[in-house]
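J.: compute the structure for the input listed below.
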Amino acid sequence: MTNVPASRETADSRSTGVSRSAFRRVLAGSTAGAVLEWYDFALYGILAATVLGPLFFPGGNGFAQLLLALATQGLGFVARPIGGIVFGHLGDRLGRKPMLVTTFLLLGLSTSAIGLLPTYSQVGIGATISLVVLRLIQGFALGGEFGAAVLMVSEYGSPKRRGFWSAWPQAGAPLGTVLATAVVGGVALVLPDSAFDQWGWRVGFLFAIPLLVIGFWIRRRIDESPVFQEAQARAAAKPVRERSSILETLAHPGPVLRGLGVRLGENVAFYVYTVFVVAYATKTFGYEKSDVLLAVAIGSLLQFAGMLAGGYWSDRVGRRVAMLVPALGLAVWAPVFFAIVQADALPLLYLGVGVGAALHGLLAGPEAAWIAELFPTRRRFAGASLVFQGSSIIAGAPAPLIAVWLAEKQGPTAVVLYLVGTIAVTVVALFLSAETRGTDLN
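T.: Below is the predicted model:
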C-alpha cells in the first residue's frame, strides 16, 4: 500500500532533509489511520442500512428504524468538530505525533467495543445509549485523527509532489470502504441471514482490533513533523505570547470558509455513492445486498485510483483545475446515476456507482494538500481540523439521512437536485480560491 519507487522517494527525502525510512513510516502510519477511520464509518453505514436499526432501535416500521440508525451515524459527526477543536489546539501546541497516537487508540478501541455491545432485546435502552456514547467517542477521536494524518504527510513530503503524497491518507477512505464491504460481504456469504443478523455483524467491528495493533505499532515509530519542529525552534528563539490557534484561525475565517465550501459537495457525493446507494438500491428496487456491496467495493477501488491520480495531476496543473474538472463531472453524472439505478440492471448499477466514485476520487485527491496549504504552521492543525470536521457535520453527517428522506418523500429527482446544488457550492468556492500549489509550508 505504501511501496513507492526508490528514486522518487529518495528525491523527496533529499528535498526535505528527511530519510527514506522516516518518510515511509509517516506515509504508512498516516494511511493506516485513515483506513481504520473510514473502515469504521463505512462499516456502520452498511450495517445501519441493513441490520442495526432493528437491533438497537425498537418499534416502528423499517423506514423509521433505518432513519434512526443513520441518525446515530450522524451523531458521530456531531462530536467531530469538538475533537477537531481540542486536538487542533493541542496539535499546534504539542505536535502532530502525540495526536496521531492518541486519536488512533481512541478510535480503534471504541470501534471494537461496538462489536461487544448487547442489543436492545437483551438489555433494553442501555444498548441504544451505549451505541450512541461509542459513536460520540469515535467522532471525537476522528476530529483530530484525519487532520494529523494529512498534515504529517504534507509537512514531510516534497513540495513538488505534495499533492500526490498527501492524497494517500485521503485515499484511506475508499480503502477503508473496500475493507468494510469485503469483511461484511465475506461474513454474509459464509453465514445464513439469521446468523448474520444475530451475531455475524459483530465480526466487522471486532476486526478493528488487528488494524489497531498494526497501526499503533507503526505510528509509535514516527518522528515529529520537521516543519513543526522548525516552528518550535523559531518560537523558542523568539518567544511570543500567542492565543489559541483555534481562536486565531476563526479570526481569519476566509480559508476556513473556502475549505468548507469545497468540501460540501465532495462530502455529499461520497455518502451518496457509498452509504445512501446501499439503502436506496436494496430497499427501493430490491437489489441483492451482496450485489450492491460489490458495486460499492468496485467503486471504492476506482475512487482510490482517482484520488491518487487527482493528487498527482494537481502537482502538474494546480489544485484548482484538478478539482474543478471532476466537480463539474459529478454535477453532470448525478441525473445519469439515478436513471441507471432505476433501470434495475446490475451491470448498469456497477457502472453508475463506479463512475460516480471515480469522479469523487479525482475531486477529493488534491484536497488534502490544498487544505494544508491554506494555513501557516502555527495554526495549520487547527485550520485543517476545522475544515475537515466542520464539513463533516454540515455535509457528511446529514447527507445519507437527507438523501434517504428525499428519495422516500419526494423521489429521486429531489436527491439529484440536492447533490447538484451542493456541488455548485464547491465550484463557486474553487473559483473564489487562489492557487496554492508550491506553497512553502514553513
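J.: contact partners for the residue nearest in space to the middle of the chain?
T.: Compute the mean C-alpha point of the chain, and by Cα atoms, centre = their mean the closest residue is residue 173, 4.9 Å away. Listed by Cβ atoms under 8 Å, 6 or more residues apart in numbering, the contact partners of residue 173 are 34, 37, 38, 270, 303, 307, 364. Bear in mind the C-beta positions are built from the backbone N, C-alpha and C, glycine included.
J.: and it, how far is that from residue 158?
T.: 23 Å (Cβ to Cβ, to the nearest Å).
J.: so where's this protein shaky on pLDDT?
T.: 1-19, 49, 59-71, 73-74, 235-242 (pLDDT under 70).
J.: ok, for residue 230, nearest residue in space, not its chain neighbours?
T.: Leaving out its chain neighbours, the residue that sits closest to residue 230 by Cβ to Cβ, 6 or more residues apart in numbering is residue 442, at 6.2 Å.
J.: the one you found and residue 421: what is the separation?
T.: 39 Å.
J.: cool, and residue 439?
T.: 31 Å.
J.: same question for residue 211.
T.: Look at residue 211 and residue 421: by Cβ to Cβ, they are 36 Å apart.
J.: okay, these two: which has more neighbours?
T.: Neighbour totals were compared for residue 211 and residue 421, and residue 211 leads with 22 against 14 (other Cβ atoms under 10 Å).
J.: check which residues of the helix or strand where that one lies are buried.
T.: Remark: residue 211 resides in helix 208-220, with elements defined by DSSP states H and E. Buried positions in helix 208-220, judged by neighbour count with 16 or more other Cβ atoms under 10 Å: 208, 211, 212, 215, 216, 218, 219.
J.: what's the spacing between the host helix or strand of residue 347 and its chain's center?
T.: Using DSSP H and E, residue 347 sits in helix 346-364. Centroid separation for helix 346-364 versus its chain: 17 Å, with Cα atoms, centre = their mean, to the nearest Å.
J.: and it, which residues are buried?
T.: Neighbour-count burial for helix 346-364 [16+ other Cβ under 10 Å]: 349-364.
J.: can you tell me which of those lies closest to residue 46?
T.: Top of the list for closeness to residue 46, among the buried residues of helix 346-364 and by Cβ to Cβ, is residue 353 at 13.7 Å.
J.: mind listing what that closest one touches?
T.: 273, 277, 295, 296, 298, 299, 337.
J.: check contacts around the nearest residue to it once chain neighbours are set aside.
T.: Of all residues not flanking residue 353 in the chain, residue 299 sits nearest, at 4.1 Å (Cβ to Cβ, 6+ apart). Residue 299 makes contact with 273, 274, 350, 353, 354, 356, 357, 358 under the criterion Cβ under 8 Å, 6+ apart.
J.: looking at these, which is nearest residue 284?
T.: residue 353 (15.0 Å).
J.: what's the neighbour count on residue 198?
T.: 14.
J.: give me phi/psi at it?
T.: phi -80, psi -50 (degrees, to the nearest 10).
J.: what about it, distance to residue 45?
T.: Taken as Cβ to Cβ, the span from residue 198 to residue 45 is 21 Å.
J.: against residue 146, how distant is the residue nearest to residue 353?
T.: 21 Å.
J.: now residue 404
T.: Taking Cβ to Cβ, one finds residue 404 at 25 Å from residue 146.
J.: who has more neighbours out of the two?
T.: residue 146 (29 against 22).
J.: which parts of the helix or strand where that one lies are buried?
T.: Secondary structure from DSSP H and E places residue 146 in helix 125-156. By 16+ other Cβ under 10 Å, the buried positions in helix 125-156 come out as 127-128, 130-131, 134-156.
J.: again with stretch 273-292
T.: For stretch 273-292, using 16+ other Cβ under 10 Å, the buried residues are 273-283, 287, 289, 292.
J.: give me the residues contacting it.
T.: 42, 45-46, 48-50, 62-63, 66, 70, 73, 177, 185, 188-189, 293, 295-296, 299-300, 337, 341-342, 344, 346, 349, 353, 356-357, 360, 399-400, 403-404, 407, 415.
J.: among the residues you listed, which ones are in helices?
T.: 42, 45-46, 48, 62-63, 66, 70, 73, 177, 185, 188-189, 293, 295-296, 299-300, 337, 341-342, 346, 349, 353, 356-357, 360, 399-400, 403-404, 407, 415 (DSSP state H).
J.: elements contacting the one helix or strand residue 27 maps to?
T.: If you go by DSSP H and E, residue 27 is part of helix 20-48. Packing partners of helix 20-48 (3 or more Cβ pairs under 8 Å, 6 or more residues apart in numbering; DSSP states H and E): helix 6-16, helix 62-94, helix 96-114, helix 125-156, helix 162-170, helix 172-190, helix 202-206, helix 208-220.
J.: run the chain-centre distance for the helix or strand following the third one.
T.: Which is helix 96-114. The helix or strand immediately downstream of helix 96-114 is helix 120-123, counting by DSSP H and E. Remark: helix 120-123 is offset 32 Å from the chain centroid, using Cα atoms, centre = their mean.
J.: list the buried residues of helix 120-123.
T.: Buried residues in helix 120-123, defined by neighbour count with 16+ other Cβ under 10 Å: residue 120.
J.: got it, and stretch 194-202?
T.: Buried residues in stretch 194-202 (16+ other Cβ under 10 Å): 196, 197, 200, 201, 202.
J.: now, the most widely separated pair of the residues you listed?
T.: Every pair of those checked by Cβ to Cβ; the farthest is 197 and 202, at 10.9 Å.
J.: just want the angle from the helix or strand hosting residue 258 to helix 172-190.
T.: In this assignment (DSSP H and E), residue 258 forms part of helix 254-271. Counting by axes from the mean of the first three to the mean of the last three Cα atoms, to 10 degrees, helix 254-271 points 20 degrees away from the direction of helix 172-190.
J.: what comes up buried for helix 254-271?
T.: 255-256, 258-271.
J.: re earlier: now the contacts of residue 353 as a markdown table including distance to residue 112?
T.: Putting these into a markdown table (distance: Cβ to Cβ, whole Å) gives the following:
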| residue | distance to residue 112 |
| --- | --- |
| 273 | 27 |
| 277 | 27 |
| 295 | 28 |
| 296 | 23 |
| 298 | 28 |
| 299 | 27 |
| 337 | 35 |
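J.: of all the residues you listed, which two lie farthest apart?
T.: 298 and 337 (14.5 Å).
J.: out of the two, which sits in the busier spot?
T.: residue 337 (24 against 17).
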